[in-house]
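>>> Take this sequence and fold it.
(chains A and B)
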Amino acid sequence: NAGVTQTPKFQVLKTGQSMTLQCAQDMNHNSMYWYRQDPGMGLRLIYYSASEGTTDKGEVPNGYNVSRLNKREFSLRLESAAPSQTSVYFCASKQTQGPFTDTQYFGPGTRLTVL
Amino acid sequence: DQQVKQNSPSLSVQEGRISILNCDYTNSMFDYFLWYKKYPAEGPTFLISISSIKDKNEDGRFTVFLNKSAKHLSLHIVPSQPGDSAVYFCAASNSWGKFQFGAGTQVVVTP
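So this is what the prediction gives:
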């Protein structure tokens, strides 16, 4: 049971380049999330997918797109990277989206630097 | 607009003593609160949670207290151990299940 996996672990991009961050979970969870972590800001929700086939914006969606490819996989795409997108990105999954539900399980993170 | 605030970015405590981490929130619609622990180069891991119908939840060395009238929660770690050195995030959720996280508190447990 690998839990939540993310690729790549590290990435350096030049301004304007595009890339896709991959996330997969093997816990049969319905809900998946993308966060970014910046110093002094905690984790901020970029996009989430309450269930397969649905996606919704979080707190900081600008500059990103997502795809819920199937129940296991949820990818995050930067179409034209900007230095402000330098951050550590975490993917998470949870059994369901709703009240008093169980906790989120996080992947190990992707450290992205945009020059 | 940060609705969950951890005002202490760092905390240093001696091994064996109590660590107290604080968290304040502004949104009265939050009804579920969690603490996560994060080691360097790893993702956050769940530590303990509390729902708004309780004012205390205990799990081994970890206890979370919730004061709804003050919109304040705290995490007590007793006794503190070197392995507790990590960043601790407070998180709050409304009934729809979307979490808001605080900025984190770096705890260092010294021998």
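>>> contacting residues around the closest residue to chain A within chain B?
Nearest to chain A, among the residues of chain B, is B:Gly43, at 3.2 Å (Cβ to the nearest Cβ). No exception for glycine: its C-beta is placed from N, CA and C like everyone else's. B:Gly43 makes contact with A:Val4, A:Phe90, A:Ala92, A:Phe106, A:Gly107, A:Pro108, A:Gly109, according to Cβ atoms under 8 Å, 6 or more residues apart in numbering or on different chains.
>>> Chain neighbours aside, what residue packs nearest to it?
With sequence-adjacent residues excluded and distances taken as Cβ to Cβ, 6 or more residues apart in numbering or on different chains, B:Gly43 is closest to A:Phe106, at 3.2 Å.
>>> does that neighbour really touch A:Cys91, like I thought?
Yes. Using Cβ atoms under 8 Å, A:Phe106 is in contact with A:Cys91, at 7.3 Å.
>>> intersection of neighbour lists for these two?
Residues within reach of A:Phe106 and of A:Cys91 at once, by Cβ under 8 Å, 6+ apart, are A:Val4.
>>> Three-state assignment for the residue of chain B closest to chain A, please.
Following DSSP: H, G, I helix; E, B strand; the rest coil, we place B:Gly43 in the coil state.
>>> same thing with A:Ser84?
What three-state DSSP gives for A:Ser84 is helix.
>>> quick one: it from B:Lys54, how far?
With the distance defined as Cβ to Cβ, to the nearest Å, A:Ser84 ends up 40 Å from B:Lys54.
>>> and these two? which has more neighbours close in?
Neighbours were counted for A:Ser84 and for B:Lys54 using other Cβ atoms under 10 Å in any protein chain shown; B:Lys54 has more, 13 against 10.
>>> Sketch out the low-pLDDT regions of the chain for me.
With no chain named, the answer covers chain A. Within chain A, the segments meeting pLDDT under 70 span A:97-102.
>>> meant chain B, my bad for not saying
Where chain B drops to pLDDT under 70, the residues are B:95-97.
>>> now the strands for chain A?
A:4-7, A:10-13, A:19-25, A:31-38, A:42-49, A:56-57, A:64-68, A:74-78, A:87-94, A:105-106, A:110-114 (DSSP state E).
>>> I'd like those as JSON lines, with mean neighbour count appended.
Shown next, in JSON lines, are the strands of chain A (neighbours: other Cβ atoms under 10 Å in any protein chain shown):
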{"stretch": "strand A:4-7", "mean neighbour count": "18"}
{"stretch": "strand A:10-13", "mean neighbour count": "14"}
{"stretch": "strand A:19-25", "mean neighbour count": "19"}
{"stretch": "strand A:31-38", "mean neighbour count": "24"}
{"stretch": "strand A:42-49", "mean neighbour count": "22"}
{"stretch": "strand A:56-57", "mean neighbour count": "13"}
{"stretch": "strand A:64-68", "mean neighbour count": "18"}
{"stretch": "strand A:74-78", "mean neighbour count": "20"}
{"stretch": "strand A:87-94", "mean neighbour count": "23"}
{"stretch": "strand A:105-106", "mean neighbour count": "21"}
{"stretch": "strand A:110-114", "mean neighbour count": "18"}
